[in-house]
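Novice: Predicted model, plus sequence, below.
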Amino acid sequence: MTQAQWVRRVLKPVTWIACLAPFGLIGFDGLTGGLSANPIEDITHRTGTTGLIILLVALGVTPVTRWTRIGALIGMRRLLGLFAYFYAVLHFLTYLVLDQFFGWSFIIQDIVERPYITVGFAALVLLTPLAVTSTKGWIKRLGGKRWNALHKTVYVSTAFGVLHYLWLVKADTTKPILFAGILVALLVTRLQRKPRAKRAKRKAPTTSGLGAVASVD
């Protein structure tokens with residue numbers, strides 16, 4: 001089995017199961033009374049945390065691909081990113097429908113006056129065009145450079161998501177601080193990659209493009 005076949009036949013199905021499991025568990029707990037004393041808050045927290053975890057995993061695909069040299073892994077970024085967006089939308093819909101019952105005036109007031117909701121909503125807004133333009137068709141429409149520039153904002157949206165989580169919790173800040181540390185580590189990895197990539201580009205021979213390797217940044 002080649003690396004591409006392993007990713008397609010093994011890793012992708014496992015990823016689908018792993019990403020859908022939290023959603024299924026929330027549904028199961030809802031039907032069997034397994035949610036906390038405040039079920040709406042429980043669902044809100046679980047969908048938000050799951051989305052943030054998957055988003056961090058998606059950002060980790062590039063360095064893992066570079067370290068393992070398994071190029072087929074890079075295709076997992078889109079799947080993970082879409083699942084992260086799915087949970088972010090569920091997180092917002094729980095707040096919109098179950099918590100506020102479409103009370104738009106209260107929702108707008110919350111977004112304006114409560115900082116953790118403001119940055120959380122900003123994170124969702126920034127993720128939306130990334131989810132919409134994640135297809136090959138949009139890469140062609142936007143062009144590689146513009147598409148890459150747009151999708152680099154994923155770091156900003158993730159930072160907003162971590163900040164939203166940090167400001168939301170009142171007592172135990174262990175998880176949001178851990179998430180912040182992981183995000184910083186991923187950013188450092190990316191920034192360290194840039195100078196090496198530039199040096200390699202200057203040293204690369206220009207006589208032939210047959211040996212070029214696709215970037216995974």
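Specialist: Structure received. Numbering: from 1, shown residues only.
Novice: Next one: Cys19 from Trp147, what distance?
Specialist: 24 Å (C-beta to C-beta, to the nearest Å). All C-beta atoms are positioned from the backbone trio N, CA, C, and that covers glycine.
Novice: And Ala58, by the same measure?
Specialist: Separation of Ala58 from Trp147 (C-beta to C-beta) stands at 16 Å.
Novice: neighbour-wise, which of Cys19 and Trp147 wins?
Specialist: Shown here are Cys19 and Trp147; by other C-beta atoms under 10 Å, Cys19 has more neighbours (20 against 17).
Novice: for that one, what are its contacts?
Specialist: Neighbour list for Cys19: 54, 79-80, 83 [criterion: C-beta atoms under 8 Å, 6 or more residues apart in numbering].
Novice: try Gly34
Specialist: Gly34 is in contact with Phe28, counting by C-beta under 8 Å, 6+ apart.
Novice: change it to 6 Å
Specialist: By C-beta atoms under 6 Å, 6 or more residues apart in numbering, Gly34 lies in contact with nothing.
Novice: same thing with Arg8?
Specialist: Per C-beta under 6 Å, 6+ apart, neighbours of Arg8: none.
Novice: Surely Pro63 and Thr189 touch.
Specialist: Yes: at 4.9 Å, Pro63 counts as touching Thr189 under the criterion of C-beta atoms under 6 Å.
Novice: The spatially most central residue of the chain is in what secondary structure piece?
Specialist: Nearest to the geometric centre of the chain sits Leu55, at 2.2 Å (C-alpha atoms, centre = their mean). Using DSSP states H and E, Leu55 maps to helix 39-68.
Novice: what comes up buried for that helix?
Specialist: Applying a neighbour-count criterion of 16 or more other C-beta atoms under 10 Å, one finds 39, 42-63, 65-66 buried in helix 39-68.
Novice: Stretch 178-195 now?
Specialist: Buried residues in stretch 178-195, counting neighbours by 16+ other C-beta under 10 Å, are found at 179-180, 182-183, 186, 193.
Novice: same check, this time on stretch 113-123
Specialist: Going by neighbour count (16+ other C-beta under 10 Å), the buried part of stretch 113-123 is 117-123.
Novice: Likewise for stretch 153-163?
Specialist: Buried residues in stretch 153-163 (16+ other C-beta under 10 Å): 154, 157-163.
Novice: now swap in stretch 137-155 and tell me
Specialist: In stretch 137-155, counting by 16+ other C-beta under 10 Å, buried: 147, 151, 154.
Novice: how about the last one, what does it touch?
Specialist: It stands for Val154. Leu130.
Novice: same check, this time on the one 10 residues further on
Specialist: His164 makes contact with 116, 119-120, according to C-beta under 6 Å, 6+ apart.
Novice: Take the residues you listed and keep only those in helices.
Specialist: Counting by DSSP state H, the contacts of His164 place 116, 119-120 in helices.
Novice: What is the nearest of those residues to Val10?
Specialist: Nearest to Val10 among the ones in helices among the contacts of His164: Gly120, at 34.7 Å, using C-beta to C-beta.
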